[in-house]
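Visitor: Here is my input; please provide its structure:
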Amino acid sequence: LRRKDFYIQMKAWKNTILSSFLLNIFEYVTYAVMLIPTVSGVITIGAFVGLSKAIASIEGLILWTFSSIFTFFSTNNEYWKEYNKLMNFDEMKRSTDNESFNFNVDCVSIEFKNVYFRYANMDYDVLSGVSFKINPYELCGLVGINGAGKSTTMNMITGYIASTEGKVMIDGHDILEEPEAAKKCIGYLPEMPPLYFDMTVLEYMNFVADLKKIPKDKKKSMVEEVMEMVKISDMRNRLIKNLSKGYRQRVGLAQAILGYPEVIILDEPTVGLDPKQIIEIRDLIKSLKKKHTVILSSHILSEVSAVCDYVLIISHGRLVASDTPDNLGKLAQGSNNLSLLVRGDRDKIRILLGEIPGVKEISITADKDQDGWAVKLSTEENTDIREDVFFKMAENHYPILEMQSRKVSLEEIFLELTEDTKKPEATEKEGEDK
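Guide: Sure, this is the predicted structure:
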């Protein structure tokens with residue numbers, strides 16, 4: 001169901017009541033004329049009949065009204081449920097105290113539908129058949145090598161460039177067919193923040209608030225709140241050209257957040273920040289997902305892994321992976337490896353480990369520094385054999401000096417997924433006239 005459907009139904013119901021009410025008013029006027037006393041001051045029989053009918057008509061109207069309300073909400077129960085759901089969602093969205101609210105994942109904040117993009121002077125696609133969905137209140141990381149198509153993807157989300165084929169939907173709005181409605185839902189921090197160096201920080205924030213048409217009664221409090229959020233309140237009267245690179249980045253982040261749009265897009269938000277500032281901005285980004293959908297583009301893969309709930313990996317214009325960091329780690333090669341350092345008889349160790357269910361491959365090499373054997377076990381997916389290995393070695397008095405489950409980093413996953421993807425050769429189209 002759509003919000004619009006509910007409003008249409010409500011409007012039809014309102015029109016029905018209005019038309020019936022006007023008919024009853026006409027009837028009341030007729031009866032009132034009948035109630036006018038005669039010249040002699042004696043109420044006629046017709047006037048008495050009119051009074052009786054008027055009372056009965058008023059009673060009938062009251063009963064009819066209550067009956068109509070009951071009939072509408074009983075026969076249109078789905079609309080009533082939808083109305084409650086919409087109102088509850090709006091209330092939850094406005095609430096800043098509720099941190100456990102999870103929106104229905106069937107709703108989509110951003111959606112790419114088989115999107116292609118090609119520049120006029122190239123004969124290959126910068127983006128090729130990219131499709132993905134980002135749910136509300138999700139912090140999504142967009143990663144890829146230089147030239148992979150990350151900036152093109154973000155430019156399409158913001159409406160800066162149009163797709164060659166396919167659709168880009170923002171909160172249910174087509175970015176090309178409903179650009180104004182879609183862009184109202186977006187706050188954007190590009191790699192180079194859009195700042196005016198001759199303005200003070202406060203002047204710039206007020207300027208951005210006016211551009212975003214923030215109501216005057218809310219403008220001052222919202223500007224103050226956002227500046228405090230990104231820790232730039234102390235710089236309010238300083239010219240932007242006199243700020244450090246880190247503070248300029250903070251001002252750019254503040255303009256993206258201002259107005260509290262549904263979707264916030266951040267392109268390399270921690271560039272130029274010192275380690276303390278990076279930690280603060282990361283914490284701020286994590287807090288944003290409580291009330292916003294956040295897309296984070298970064299070359300620092302450890303940052304994406306630490307902050308994001310979901311990761312999109314783009315390589316040469318193609319979406320090669322989209323999943324949570326944990327699930328991507330499970331799918332990567334080497335994610336099911338267990339490393340051991342054991343002392344004992346090499347052949348016996350191999351036999352004992354081979355008896356443990358779930359072990360697929362065993363590799364044993366000498367470790368002269370530790371006077372033992374370096375053992376690598378490859379196991380089946382989602383299988384934890386550490387306890388079995390410990391007890392098997394303990395029963396045979398083979399001491400385990402080290403045991404480590406290998407966790408694959410996002411960097412390794414990224415390299416594995418992108419190493420086989422070849423970039424098409426860029427060639428310019430030849431003109432018709434030579």
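Visitor: Where does the closest residue to A366 other than its chain neighbours sit: helix, strand or coil?
Guide: In this structure, A366 finds its nearest non-sequential neighbour in W373, 6.4 Å apart by CB to CB, 6 or more residues apart in numbering. C-beta here means a position set from N, CA and C on the backbone, and glycine is covered the same way. Using DSSP: H, G, I helix; E, B strand; the rest coil, the structure places W373 in strand.
Visitor: any idea how far W373 lies from I400?
Guide: 11 Å (CB to CB, to the nearest Å).
Visitor: And L284, by the same measure?
Guide: 43 Å.
Visitor: now I362
Guide: Counting by CB to CB - I362 and I400 are separated by 15 Å.
Visitor: More neighbours: which of the two?
Guide: I400 (18 against 15; other CB atoms under 10 Å).
Visitor: where does this structure dip in pLDDT?
Guide: In the predicted model of the chain, residues 1-108, 329-335, 381, 407-409, 420-434 satisfy pLDDT under 70.
Visitor: hey, where'd the helices end up in it?
Guide: Counting by DSSP state H, the chain has helices at residues 3-34, 45-75, 77-94, 150-158, 179-183, 201-211, 216-229, 245-257, 275-288, 301-307, 325-331, 346-354, 386-395, 410-418.
Visitor: So the residue nearest to A366 sits against L341, correct?
Guide: Yes - proximity of W373 to L341 meets the contact threshold set by CB atoms under 8 Å, at 7.3 Å.
Visitor: Need the residues touching each of the two.
Guide: The contact sets of W373 and L341 overlap at D367 (CB atoms under 8 Å, 6 or more residues apart in numbering).
Visitor: So what's the residue count around the residue nearest to A366?
Guide: W373: 20 neighbours (other CB under 10 Å).
Visitor: List the contacts of it.
Guide: L340, L341, V342, R343, G344, R346, I349, I364, T365, A366, D367 are the contacts of W373 under CB under 8 Å, 6+ apart.
Visitor: returning to that earlier point: any shared contact partners between W373 and I400?
Guide: Contacts common to W373 and I400, judged by CB under 8 Å, 6+ apart, are L340, L341, V342.
Visitor: Report the beta-bridge partner residues of the residue nearest to A366.
Guide: On the basis of DSSP bridges, W373 is bridged to V342, A366.
Visitor: any idea how far it is from P193?
Guide: 55 Å.
Visitor: Contact partners for I295?
Guide: Contact partners of I295, counting by CB under 8 Å, 6+ apart, are I110, I134, C140, L142, M154, I157, V263, I264, I265, L266.
Visitor: Next, I232: phi, psi?
Guide: The phi and psi torsions at I232 (degrees, to the nearest 10) take the values phi -120, psi 10.
Visitor: so it touches A254, yeah?
Guide: Yes - counting by CB under 8 Å, A254 is a contact partner of I232 at 6.2 Å.
Visitor: quick one, which of those two is more surrounded?
Guide: Between I232 and A254, A254 has the larger neighbour count (other CB under 10 Å), namely 24 against 21.
Visitor: mind checking how far that one is from N337?
Guide: Applying CB to CB to A254 and N337 gives a distance of 45 Å.
Visitor: what does D123 give?
Guide: Look at D123 and N337: by CB to CB, they are 43 Å apart.
Visitor: quick one: which of the two has more around it?
Guide: Comparing D123 with N337 by neighbour count (other CB under 10 Å), the higher total belongs to N337, at 17 against 13.
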